[in-house]
Every structure is written in C-alpha cells, then in structure tokens.
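# starting from these lines, generate the structure:
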Amino acid sequence: MPLPDLAISTSWNSARHIDGLAMLEELAALGFKDIELSHGIRYSLWPGILKALDQKIVRVVSLHNFCPLPVGFLNASPNCYEFTDPRRSRRGTAVRLTLETIDHAAAFGARAVVLHLGSQRQRHRAQQLVALMARGELGSRAYVRKKIAAVREHETLFRKTWPWLYESLLAVCDHARHKNIRLGFESREAVEEIPLENQWDLLLNEFPDAGYWHDFGHTAQKDALGFLDHAAELRKRRPRLLGCHLQDFRPPDHDHLPLGEGVVPFPELLPLLESEPLCVLELSSRVKAEKVRASVMRWRQWQTLAVGSAG
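Numbering: from 1, shown residues only. Presented below is the predicted three-dimensional model:
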C-alpha cells in the first residue's frame with residue numbers, strides 16, 4: 001500500500017513561538033502542507049493560527065486533546081484533566097474541554113482528534129520498570145514480579161475507573177459524531193495508562209465510531225518492556241486504524257526522536273498499514289530542523305519502497 005504524505009505536529013515548535021502565524025509558517029517552510037495542532041497550543045497562539053489558516057498556508061488534519069491548552073497551563077499538558085479522575089468535577093472539565101477541541105477540529109475542517117483516555121493511580125509503576133530495564137534487569141525475577149504486580153493492580157483499578165471513562169466517552173463520542181469528527185484513541189507507553197493491550201477490544205467495541213491511533217514510539221517502549229510484540233499489535237489493530245504518530249524510540253525511555261535514530265523497525269512495520277491513515281510526525285522540541293528534514297527524506301524513501309512493492 002502506498003504511504004500517505006507526512007503531516008507534522010506542532011509539538012515540535014509551539015513552545016518557542018509567540019505568534020501562531022510564524023509557528024505555522026516555519027512548518028510550511030520545511031515543506032509541510034498538513035499539520036496537527038498538538039496539546040501545547042497556548043491561547044496566545046490562536047489568533048495567528050486563524051490567520052495562517054485563512055491564508056491557506058497549511059491545512060489542519062488533526063488536533064491533539066486538549067487544544068488549545070486549558071487556562072492556567074503554559075506547557076503541553078494532555079493529562080492535566082482525565083476522564084478517569086475520581087473527582088466528578090475534574091472529569092466534567094475533561095469532557096467540556098474535549099468537546100471544545102472537537103468544535104475547533106470541525107471549524108478547521110480537520111479529520112480527527114487524538115485522545116488520551118486516562119490513567120490509574122499506581123505509584124509510578126512504569127518508572128520502576130524502566131529503571132530496572134536501564135540497569136540491565138529486564139527479565140529478572142524482580143522485574144517479572146513488578147510487572148505482574150503492575151498489571152494486576154491496573155486491572156483491579158480498571159473495574160472502578162471504567163464506569164467513569166465510559167460515561168465520559170459516551171458524551172465525547174456523541175458530540176464527535178454530530179460534528180463529523182473521528183476520535184483516535186492513542187496507544188500509550190505506561191502501564192498506569194489506559195488502555196492495556198487486553199482492553200482495546202472492549203473500548204473499540206463499545207465505541208464503534210472511534211478509531212485506533214497508533215503511536216510508534218509508545219508502542220516500541222511497551223515492546224521493549226515486554227508487554228507486547230510491536231508488529232503483532234499493529235496487525236491486530238489495523239482494521240480500526242485511524243492515524244499514527246511517527247517518532248522513533250531508543251531504550252530505556254528516549255522517545256520523540258527523529259525517524260531512523262532509534263530502534264523502531266519502520267521498514268518492517270509500515271507495510272502493515274492497510275488503509276491510508278493520517279501519518280503525523282511527532283518530534284521533541286529538542287530536535288534540530290535538519291533532523292526534521294532528514295525524517296522527511298526517510299519517509300519519502302519508504303514511500304518509494306512501498307510504491308515499488310505495490311507494483
């Protein structure tokens with residue numbers, strides 16, 4: 001299957017700009033036509049973004065919840081409010097801000113909104129596992145004990161948080177359906193976060209209008225930690241695949257790297273994309289512009305290989 005053109009997330013440059021127009025002009029100058037407005041968009045950037053879209057400098061294909069940033073937050077904070085928060089008022093705020101993000105997506109003519117679904121309160125289980133892996137103890141008895149304990153704890157807590165998540169997603173998915181916006185449930189890297197791999201079927205069956213959003217870096221970290229097989233997971237979820245975040249990953253926890261600078265086997269994984277998902281480059285703000293260009297060149301090489309294989 002030919003790979004689609006590559007979009008880019010404003011996660012790469014929103015933090016260093018004070019004008020939304022200049023922010024999007026920088027992305028256009030790198031050759032990008034399509035962009036994702038990420039969760040680091042401050043309200044001060046909004047007027048310039050509207051100006052850039054009015055001038056058709058770029059197109060918005062997706063937004064990452066919450067967009068723009070909630071009042072009182074100055075840095076990217078996608079988990080500042082959660083659908084799984086024990087406090088009803090906080091869950092209500094998460095829903096309200098998500099509905100507003102969906103409204104903006106519809107106004108911009110975007111196709112999708114990317115969601116984090118929430119987390120369990122699990123005492124930094126993921127950090128403990130990453131620390132053990134960093135010390136070369138992956139697969140040790142200590143590691144296996146902590147991993148099993150983390151999964152069991154998650155599953156126990158999920159029985160309590162699931163009704164909260166379900167109630168929130170009912171409202172969010174209904175609004176998205178009326179606005180003709182697809183919601184992408186994003187794969188996450190931490191054992192505290194929802195969903196675990198055995199929860200995907202429940203989520204996607206209960207919310208048939210939503211799609212699966214595959215984050216290559218997050219899934220690579222779960223693979224490195226021994227929770228899944230990356231290729232098998234992508235193959236299993238691809239019938240519901242809506243979009244992807246493209247970033248490379250290097251153990252133990254270095255993510256949002258330029259393509260080709262980590263361990264993600266993109267040439268093996270990309271042929272598993274059956275449909276034409278939204279493909280969004282999601283890089284750290286620390287990545288230099290020349291590395292962004294290098295990532296684009298790698299993507300174009302993979303596009304050429306994909307076309308050759310299809311032929």
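
# name the SS class of Ile102, please.
helix (DSSP: H, G, I helix; E, B strand; the rest coil).

# tell me if I'm right that it and Ala176 touch.
Yes - A contact is recorded between Ile102 and Ala176 when judged using CB atoms under 8 Å, the distance being 5.2 Å. All C-beta atoms are positioned from the backbone trio N, CA, C, and that covers glycine.

# quickly list what's touching both of these two.
Listed contacts common to Ile102 and Ala176 are 113, 183; contacts here mean CB atoms under 8 Å, 6 or more residues apart in numbering.

# quickly find the element holding Gly243.
Per DSSP states H and E, Gly243 falls inside strand 241-246.

# what does Leu183 give?
Following DSSP H and E, one finds Leu183 within strand 182-186.

# what does that strand contact?
With CB under 8 Å, 6+ apart, strand 182-186 has contacts from 62, 102, 111-117, 172-173, 176, 195, 203-204, 207, 209-213, 215, 218, 242-243, 245.

# any weak-confidence spans in the stretch 151-300 of the chain?
Applying pLDDT under 70 to the stretch 151-300 of the chain picks out no residues at all.

# just the helices in it please.
For the stretch 151-300 of the chain, the helices defined by DSSP state H, counting those that start in this stretch cover 200-206, 216-224, 230-237, 266-269, 289-310.

# with distance to Ala106 and mean neighbour count added, can I get these in TSV?
Supplementary listing: those in TSV, determined by distance: least, CB to CB, whole Å; neighbours: other CB atoms under 10 Å:
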stretch	distance to Ala106	mean neighbour count
helix 200-206	23	14
helix 216-224	27	23
helix 230-237	26	18
helix 266-269	31	14
helix 289-310	28	15
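
# what's the first-to-last distance across stretch 8-16?
Start and end residues of stretch 8-16 are separated by 16 Å (CA to CA, to the nearest Å).

# got it, and stretch 182-194?
Criterion CA to CA; first-to-last residue distance in stretch 182-194 is 19 Å.

# run the chain-centre distance for that stretch.
Counting by CA atoms, centre = their mean, to the nearest Å, stretch 182-194 is centred 7 Å from the centre of its parent chain.

# residues near the nearest residue to Arg250 once chain neighbours are set aside, how many?
Counting by CB to CB, 6 or more residues apart in numbering, Gly262 is the residue found nearest to Arg250 once chain neighbours are left out, at 4.1 Å. A count of nearby residues for Gly262, using other CB atoms under 10 Å, gives 20.

# could you do the one 3 residues further on as well?
For Pro265, the count of nearby residues is 13 (other CB under 10 Å).

# quick one, what contacts Glu193?
Neighbouring residues of Glu193 by CB under 8 Å, 6+ apart: 116-120.

# just put those in JSON lines and tack on secondary structure.
Compiled in JSON lines, the contacts of Glu193 are given as follows (three-state DSSP):
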{"residue": "His116", "secondary structure": "coil"}
{"residue": "Leu117", "secondary structure": "coil"}
{"residue": "Gly118", "secondary structure": "coil"}
{"residue": "Ser119", "secondary structure": "strand"}
{"residue": "Gln120", "secondary structure": "coil"}
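
# among the residues you listed, who's most crowded?
For the contacts of Glu193, neighbours were counted using other CB under 10 Å, and Gly118 has the most, 25 neighbours in all.

# give me the sheet partners of the strand holding Leu183 and which way each runs.
strand 112-115 (parallel), strand 211-215 (parallel) (DSSP bridges).

# just those strands: most buried one?
Between the strands paired with strand 182-186, strand 112-115 has the highest mean count of neighbours, a mean of 27, where neighbours are mean count of other CB atoms under 10 Å.

# after that one, next one along is what?
helix 125-134.

# that next one versus helix 216-224: what angle between them?
Helix 125-134 and helix 216-224 are oriented at 70 degrees to each other (axes from the mean of the first three to the mean of the last three CA atoms, to 10 degrees).

# buried residues in helix 125-134?
Going by neighbour count (16 or more other CB atoms under 10 Å), the buried part of helix 125-134 is 125-126, 128-130, 132-133.

# equivalent analysis for stretch 3-19, please.
Neighbour counts using 16+ other CB under 10 Å place 3-4, 6-14, 17 of stretch 3-19 among the buried residues.

# among the residues you listed, which ones are in strands?
With strands defined by DSSP state E, the entries of the buried residues of stretch 3-19 inside them are 7-9.

# between those residues, which is nearest Val144?
Ser9 (35.5 Å; CB to CB).

# how deep is Gly260 tucked in, by neighbour count?
A count of neighbours around Gly260, defined by other CB under 10 Å, yields 17.

# not counting its neighbours along the chain, what's nearest it?
Taking CB to CB, 6+ apart as the measure, Gly260 lies nearest to Arg298, with 5.0 Å between them; neighbours along the chain are not counted.

# I figured that neighbour was touching Gly262, is that so?
No - using CB under 8 Å, Arg298 is not in contact with Gly262; the gap is 11.9 Å.
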